Structure formats: C-alpha cells, structure tokens
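In: Next input, structure requested:
(one chain, ligands or ions: 1)
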Amino acid sequence: MNKFPPFPQKSARIGLLGVAFDENSSYKRGSAQAPQMIRASFFCDSSNLWTEDETFLGADGIFADAGDITPSRQNMPVETEHAAALLYEAGLKVMAFGGDHSVTFPLVKAAVKHHPNLSILHFDAHPDLYDNFEDNPNSHASPFARIMESGLAKRLVQVGIRTINGHQRQQAERLGVEVLTMQRWQDVLDIQFDSPLYISFDMDCLDPAFAPGVSHWEPGGLSTREALRVIQSLRANIIGADVVELNPTQDPSNLTGMVAAKIFKELVSRMLK
Ligand SMILES: [Mn+2]
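Out: Here you go, the predicted model:
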C-alpha cells in the first residue's frame, strides 16, 4: 500500500480528511502544505505501517480517504464541516490532518452532531482561547474560545500549555477549560474520559527540538515519547482527531513530517480500539 483507499469503502472504520488551509495563521504560513507531507511521511520507507501496539495499518478495512480540501478563507468553516460530516454520516471515525488550528472549530462541529456529549483533549503549547486575536475571530489563536462559547464540548482538557497570559487565563476560567500547563503535564495521565473523545493535536505541543517544523517555536515542550505516552494511555472512545500546525516550510529535513505521521499512526491505533 502506498496510498490510502478512497472514500467510500465498505467496512472501513476511519475516514481521512486532509485540510490544506493556513489563512488564519497569525504568524507564518505553510501549514496548508501539511496534508501532502503527512501522506508522504506515512508511507515513507524510512518507517513501516505498523503501530507500536502491533496493529498493521496497511490492512484492508481501516481507512477511507476523502482526499484533501483546499478551501478559501471565506469557505473554510462550511467546507471543512461538510467534508467531515460526510465521513461521520457514513459511520466512520474521522482523522483530519493539516491546516492551521482554525480548522478544528468546524471539525468539532461536525463531530458533535454525531457524538453529542463530547469531551476534547487538546495538545498544544498555546491555549488558543483568544476572544479576538488581531481582529480575526476565526484566528488560529481562537478556536477553543469558539468551541466552548458554542457549547460544543462538555469538557475541554488542554495539555502541554506554556504560553498562557492574563487574558487567556480569564478566558479559561470563564469557559471552564481545564488547563494543564507544561509543568503539570503528567496530571493528564490520571484523567478518565467517560464520554466520546475528540483529540486535537497541535504539533507545537512538542518541543521544537523534536518537531521544528511548526510556525511558532515554543521551547520547553513535550517530547515525542511523552506525547505518545499520553495517547497510548487513553482508555476512551476516540471518535475523531486532528493533527494540525505542521509547517513543512520550517521542516527542511522532513523530520517533523515523520513525527506527525507517527502521532497520526498512534492516534489511529487508539481509535481502532
Ligand atoms: Mn499551538
């Protein structure tokens, strides 16, 4: 297998959706190129298609690939929600990848229609809770403010956070967000999620030593192994996930692409449980 079987597939379990969009990024552009890089890294002969729990992801009946969408700034929310909704409607779990973090708001909207009572686990250096960042309410700095204001999640737990400021601390309190700052990251291992779980994985939750190919370098983050430990310890029904903020233009060695593909594989492995 060197590419994913196209959607629809009989007996597939996970719908794939690439989101090639970075126009709500406040700093560097480039995450629109991430879907292509994650696809190439997934199938790269540098590694193989087995997960660490020895699941073979090249087997039939796992993936159905809806391809990549390349929405305009204006159409991104509607187009992204619609593309993800088609996969949920087909009874699939959804793995979305690529894009800046603003894509998570419509992705969660699609998820919650089919899985009410949703909890979210959010990996990030940043809380992304700005009420209005640089006059763009759809900024990649704001998706979790929009999600919580819209009542889309019964619980939002953030891990890896190391940039919280006064405004976002107020927002977290107002919106009932459980922020595990980087100093307390291991507390996430004690949390049980008793409702369907959506995972949003911003690649900059990782230390830039492990994942330099992101738009915002924030030292002092999780190691790849620590992030995998959190993912692998989850005993929840994971119904959807995204891997966002991979910026191939900042990743000349393709290292971060391989890290993103690894996270993708291990997330899929948990979704198949
Ligand atoms: Mn971030």
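In: quick one: the strands in the protein?
Out: 14-19, 63-69, 93-97, 119-123, 155-161, 178-181, 197-202, 238-244 (DSSP state E).
In: Export those strands as TSV, with columns for mean neighbour count, mean pLDDT and distance to residue 217.
Out: C-beta: built from backbone N, CA, C; applies to glycine. As requested, the strands of the chain are arranged in TSV below (neighbours: other CB atoms under 10 Å; pLDDT from 0 to 100; distance: least, CB to CB, whole Å):
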stretch	mean neighbour count	mean pLDDT	distance to residue 217
strand 14-19	26	98	22
strand 63-69	20	98	26
strand 93-97	25	98	21
strand 119-123	25	98	16
strand 155-161	24	98	14
strand 178-181	17	98	18
strand 197-202	26	98	13
strand 238-244	26	98	16
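In: Nearest to residue 86, out of these?
Out: strand 63-69 (6.9 Å; CB to CB).
In: still on that earlier bit, what's the closest of the strands of the chain to the ion?
Out: Smallest distance to the ion across those (CB to the ion): 4.1 Å, for strand 197-202.
In: For that closest one, name the packing helices and strands.
Out: Here strand 197-202 touches helix 104-114, strand 119-123, strand 238-244, helix 255-271, going by 3 or more CB pairs under 8 Å, 6 or more residues apart in numbering; DSSP states H and E.
In: That one vs strand 155-161, what angle?
Out: 30 degrees (axes from the mean of the first three to the mean of the last three CA atoms, to 10 degrees).
In: Mind putting the strands of the chain into JSON lines with distance to residue 3?
Out: Formatted as JSON lines, the strands of the chain follow (distance: least, CB to CB, whole Å):
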{"stretch": "strand 14-19", "distance to residue 3": "11"}
{"stretch": "strand 63-69", "distance to residue 3": "8"}
{"stretch": "strand 93-97", "distance to residue 3": "14"}
{"stretch": "strand 119-123", "distance to residue 3": "27"}
{"stretch": "strand 155-161", "distance to residue 3": "31"}
{"stretch": "strand 178-181", "distance to residue 3": "37"}
{"stretch": "strand 197-202", "distance to residue 3": "22"}
{"stretch": "strand 238-244", "distance to residue 3": "18"}
